[in-house]
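A.B. asks: Just need the structure, nothing else, for what follows:
(one chain, ligands or ions: 1)
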Amino acid sequence: MSDLAIRTDGLTKRFRAQVAVDAIDLAVPRGSVFGFLGPNGSGKTTTIRMLLGLVGATSGTARVLGTDMPKGLDDVLPRVGALVEGPAFAPFLSGAANLARFDAADRHAPPSTRARRVAAALDRVGLSHAARKKAGAYSLGMKQRLGLANALLMPRDLLVLDEPTNGLDPQGTREVRSLIRSFAADGTTVFVSSHLLAEVEQLCTHVGVMSAGRLVAQGTLDEFRRSGASRVEVVTPDAEAARAVLSRLGLATDAAPAARPEAAPSGGSGDALVVAALPTDDSGGDGEEPAAEAIVAALVRDGVRVRGFAIRRTSLEQRFVELTGEGFDVVA
Ligand SMILES: Nc1ncnc2c1ncn2[C@@H]1O[C@H](COP(=O)(O)OP(=O)(O)OP(=O)(O)O)[C@@H](O)[C@H]1O
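C.D. replies: Presented below is the predicted three-dimensional model:
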């Protein structure tokens, strides 16, 4: 059995001239909470729709729970709970009656145990008290939880959730996130799309970043944290000598550093800011970067008057902006 819950190879979707999803190779480990992150329009929903067999791929392949899609749709779908653009609930039926309708449409769901399943799913998402209330009178958060209850009617190996907290108030958002955590704690693989960096940071073990149809990065959240570029900043009146030392250490210096003065370590008049890039974990190097003390020692040995020194690491937020080339919505 594959250790990947989802795997795609060169998965592509074209709408006329537009490439919505461009040859992506997704690898979603079983048991992970995989955050599928990207700005609006980057191709997340289209990818999810292909994974669930709701739309055909133009080219490439997708395997879900070890089965080729869409060929294995009938085998796989009963094991996958999905929340994609909130299901259409009948507003005049109660929450429980709506779930019973969806359950009745699932030919794998035995009718004799339907009432029990519906009650358990409502309980799981904290809606038991509103079971008999009309779905049309539910708040947005309650509707979203009803959607999750619908995804949970049957036992699932994989949950695919498209922007599950979109449009929710902070309380609803907290509730849905804590539900997602509880699904993951039960061992269910969760594939969740989001345009919120903070959400992915709080919820996920793994992350994949989409930008303009392409999967520009994926891995564990920790790998991601380490993949950002770091740089050395030296404030000194001996800029030339400092550059020579840094380049001898294998660190490429900027000819004309773009750093803003206020971001620089403090220095006096006549001081220059010399900036050098430290190799990143994913730059193909051996990962052996000189330690801060070794850099300072080498500078001092060569008579460079070091008046300020700092190593700065790109924040996760900057990293996402770098990868996607656009401003990221980082509000929790
Ligand atoms: N049925 C369609 N016909 C034509 N173009 C489409 C269709 N569905 C999506 N697109 C286009 O494909 C691109 C990717 O859209 P998609 O909805 O997958 O992005 P997304 O990352 O999910 O964005 P959002 O967060 O806004 O849902 C967009 O430019 C969109 O306009």
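A.B. asks: Next one: Met1, what pLDDT does it get?
C.D. replies: With respect to pLDDT, Met1 scores 57.
A.B. asks: again with Asp281
C.D. replies: Value listed for Asp281 in the pLDDT field: 53.
A.B. asks: can you start the count at 441 instead of 1 from here on
C.D. replies: Yes, from this point I'll number from 441; that puts the last item at Asp721.
A.B. asks: The ligand contacts on this structure?
C.D. replies: Contact residues (CB under 6 Å from any ligand atom) of the chain with the ligand: Phe455, Gln458, Ala460, Gly478, Asn480, Gly481, Ser482, Gly483, Lys484, Thr485, Thr486, His635. Where C-beta positions appear, they are placed from N, C-alpha and C, glycine not excepted.
A.B. asks: distance of Val558 from Pro677?
C.D. replies: 75 Å (CB to CB, to the nearest Å).
A.B. asks: When the two are compared, which one has more neighbours?
C.D. replies: The residue with more neighbours, out of Val558 and Pro677, is Val558; 23 against 15, by other CB atoms under 10 Å.
A.B. asks: Could you export the residues of the chain next to the ligand as a markdown table, including neighbour count and pLDDT?
C.D. replies: Converted to a markdown table, those look like this (neighbours: other CB atoms under 10 Å; pLDDT from 0 to 100):
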| residue | neighbour count | pLDDT |
| --- | --- | --- |
| Phe455 | 11 | 94 |
| Gln458 | 8 | 92 |
| Ala460 | 21 | 96 |
| Gly478 | 26 | 90 |
| Asn480 | 10 | 86 |
| Gly481 | 13 | 88 |
| Ser482 | 25 | 92 |
| Gly483 | 25 | 94 |
| Lys484 | 22 | 94 |
| Thr485 | 20 | 93 |
| Thr486 | 20 | 95 |
| His635 | 21 | 85 |
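A.B. asks: Let me see the contact set for the residue nearest to Ala571 when sequence neighbours are not counted.
C.D. replies: Nearest-residue entry for Ala571: Ala536, 4.2 Å, with adjacent residues in sequence omitted and distances by CB to CB, 6 or more residues apart in numbering. Residues near Ala536 by CB atoms under 8 Å, 6 or more residues apart in numbering: Val558, Ala559, Leu562, Ala571, Arg572.
A.B. asks: Secondary structure class of Ala536, three-state.
C.D. replies: Following DSSP: H, G, I helix; E, B strand; the rest coil, Ala536 is assigned to helix.
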